[in-house]
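In: sequence and predicted structure below; questions after.
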Amino acid sequence: MSRSKLADMSSRPIERTWSPLSQTVPIGALDGSTQLSISPHVRVERELSAIRRIHLGDRVISLRPDDGERVARLFDKLDGQRTLTEVAEDLEWSEEEAIDAAQDLYGYAVLNNVGDASVPPLLFFKHVAALGSSVQARLAGADSMIGSLMEGKPSRRLLMGHLIELYHVVDAASTHISPAINLAPNDRLRMLFCEYLADEYWHGRWLRKGLLAAGISEEELDRSDPLPGTLAVVHFLRIKSATDLLAYAACLSTAEAQGEGEVARVHRRYQMFDKDGLLGEDVIAPFRGHEIEDANSAHLSYCSEPFVEAAAIKRPHQDAIRSAVLLYLRTLDEQHRQVARFYGDPQGPACFRADLFD
């Protein structure tokens, strides 16, 4: 595929074959029987009788004094044993007040359901997507491979290693999107995942252009293998897309984004990647373009839509989806560590191959 053709495709208008519903369907509310506790990844700043800030990894929620005191009182009662109805009685609130106070905090993954109550599907998606975003931010700290790329002075080979393994992940997208098409329970979701596949299947060829521009040969790329960690990431998505559509969509939500804010973040990120001029625009452009195309195509909405028509999510399935997201992020973290180990030395082969030995 020619570079001009790729450029034309990257600027094409969005023509959906399915109707998005997640922005118009009510998100639903927690039930009074829900038992909540504070999520383990959350850090809380207290001042006297009030909570001033809640640290989530990717964001900090600042509370006004009145709200801070109200949330502090709520937190003191959320021991994982009381239901929201019982918490309301202890606080001398109405049940609606207790649910209202807990609802947004649950949506931000500040709180976690530890009882048997089911949760409305879109509310649960908001919760698990926020959980993924927060945990991902904690894993991508300054001492991580991504943190090193963004803040440190990486070698050209480490930068290239990151792009090579990203190429392998993107090039394999069709192998996990295709099973999701078969697993989709209705025509709308089948068309949704068909469109997602149409958006993604050619992006691997696009990224390959950037690697060739960096001086890697066609033969080197053809003979290259994904790092075991990269292969694990792809296999994880393949398994989930063939067995649990909601868990698959939740995992995808940790990588997909949309909107002008995300486009601006993509530009800043790739400016940081090439702040020392180690790669060049011909190398960077396809990778930046791929992420901008995904953001402009509102790929995050593809993740929420499978939850629209789902039934209320029972506790065992909640746990399975949460575990899938957390394990997926841990797998990504290990993949990043493998990239740093293999590509961290400025000297070494351009690409990983399974038959390489010292």
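Out: Sure thing, it's come through.
In: which stretches of the stretch 201-350 of the chain form helices?
Out: 203-213, 218-223, 228-243, 245-252, 260-273, 281-296, 299-308, 315-343 (DSSP state H, counting those that start in this stretch).
In: out of those, deepest packed?
Out: A comparison of the helices of the stretch 201-350 of the chain by mean neighbour count, using mean count of other CB atoms under 10 Å, puts helix 245-252 on top with a mean of 25. Bear in mind the C-beta positions are built from the backbone N, C-alpha and C, glycine included.
In: and that one, what does it pack against?
Out: Applying 3 or more CB pairs under 8 Å, 6 or more residues apart in numbering; DSSP states H and E, one finds that helix 245-252 contacts helix 121-139, helix 173-183, helix 228-243, helix 299-308, helix 315-343.
In: which strands and helices sit next to the first one?
Out: Read that as helix 121-139. Helix 121-139 is packed against helix 95-107, helix 245-252, helix 299-308, helix 315-343, with contacts defined by 3+ CB pairs under 8 Å, 6+ apart.
In: what does the third one contact?
Out: The set of residues that contact helix 299-308 without belonging to it, under CB atoms under 8 Å, 6 or more residues apart in numbering, is 18, 20-23, 25, 121-122, 124-125, 129, 184, 189, 192-193, 196, 199, 245-246, 249-250, 252-253, 256-258.
In: in CSV, could you pull the C-alpha coordinates for that helix?
Out: The C-alpha coordinates for helix 299-308 follow below in CSV (Å, rounded to 0.1, in the frame of the first residue of the first chain):
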residue,chain,number,x,y,z
HIS,A,299,-12.5,3.7,19.2
LEU,A,300,-13.2,4.1,22.9
SER,A,301,-16.9,3.9,22.0
TYR,A,302,-16.4,0.5,20.5
CYS,A,303,-15.5,-0.7,24.0
SER,A,304,-18.6,0.6,25.8
GLU,A,305,-21.1,-0.5,23.2
PRO,A,306,-21.1,-4.2,24.1
PHE,A,307,-22.2,-3.2,27.6
VAL,A,308,-25.3,-1.4,26.4
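In: now it: average pLDDT?
Out: Here helix 299-308 scores 88 as its mean pLDDT.
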